[in-house]
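Asks: have a look at this fold, sequence not included:
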C-alpha cells in the first residue's frame, strides 16, 4: 500500500530539466509524477522529445509559446495562465517565454519520470538560450 504524501512547493528549483527550465519536483505515485516548471523572462528552452513518457501541462503564470511537432503535424500555441495542453509520447516540443516575468506551469508525467536519459534533443524552431 502506498503511503499518503504531502509536499509544499519547494522554495528553489530542485533540478534543471533537459530542456533547460527550472524544475521543482513534486510528488509521484506508481502511475505518474508531478512537477512545477519555470522559464525566466526572455528564455527559450531547448527542443526535446520524450522516449517513454507523455505529459499534461497547466499554465499558472506568464506568457509564451509552445511548439509541438509529431508525425507530420506541427503547431505553435500561445501560452497563458489557465491553458492546459498535452505532450504525447515522442512529440518534439520547445517553449519560450515572451513576457516580462517568469513563465510557470505544473505538469503531470505519465508514467513517472524515469531518469536523465528520457529526453533527447531535437531540432526546434527557436535558438535555445540555456534557461
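Replies: Arrived safely, thanks for sending. Predicted model, so just to flag it, every value in this text is computed and none were measured. Residues are numbered from 1 along each chain as shown.

Asks: buried residues, stretch 106-120. List them.
Replies: Of the residues in stretch 106-120, 106, 107, 108, 109, 112, 113, 119 count as buried by neighbour count, 16 or more other Cβ atoms under 10 Å. All C-beta spots, glycine's among them, are computed from the backbone N, C-alpha and C.

Asks: got it, and stretch 80-88?
Replies: Within stretch 80-88, the residues that count as buried by 16+ other Cβ under 10 Å are 85, 87.

Asks: what do you get for stretch 40-51?
Replies: 43, 44, 45, 46, 47, 48, 49, 50.

Asks: do I have it right that the second one meets residue 127?
Replies: Meaning residue 44. Yes - using Cβ atoms under 8 Å, residue 44 is in contact with residue 127, at 6.5 Å.

Asks: where does pLDDT dip in the chain?
Replies: Applying pLDDT under 70 to the chain picks out residues 130-131.

Asks: how about the strands in it?
Replies: 15-16, 22-29, 32-39, 48-50, 54-61, 64-70, 73-79, 84-87, 92-97, 103-110, 119-121 (DSSP state E).

Asks: quick one: the fifth one to strand 73-79, angle?
Replies: Strand 54-61 runs at 30 degrees relative to strand 73-79, counting by axes from the mean of the first three to the mean of the last three Cα atoms, to 10 degrees.
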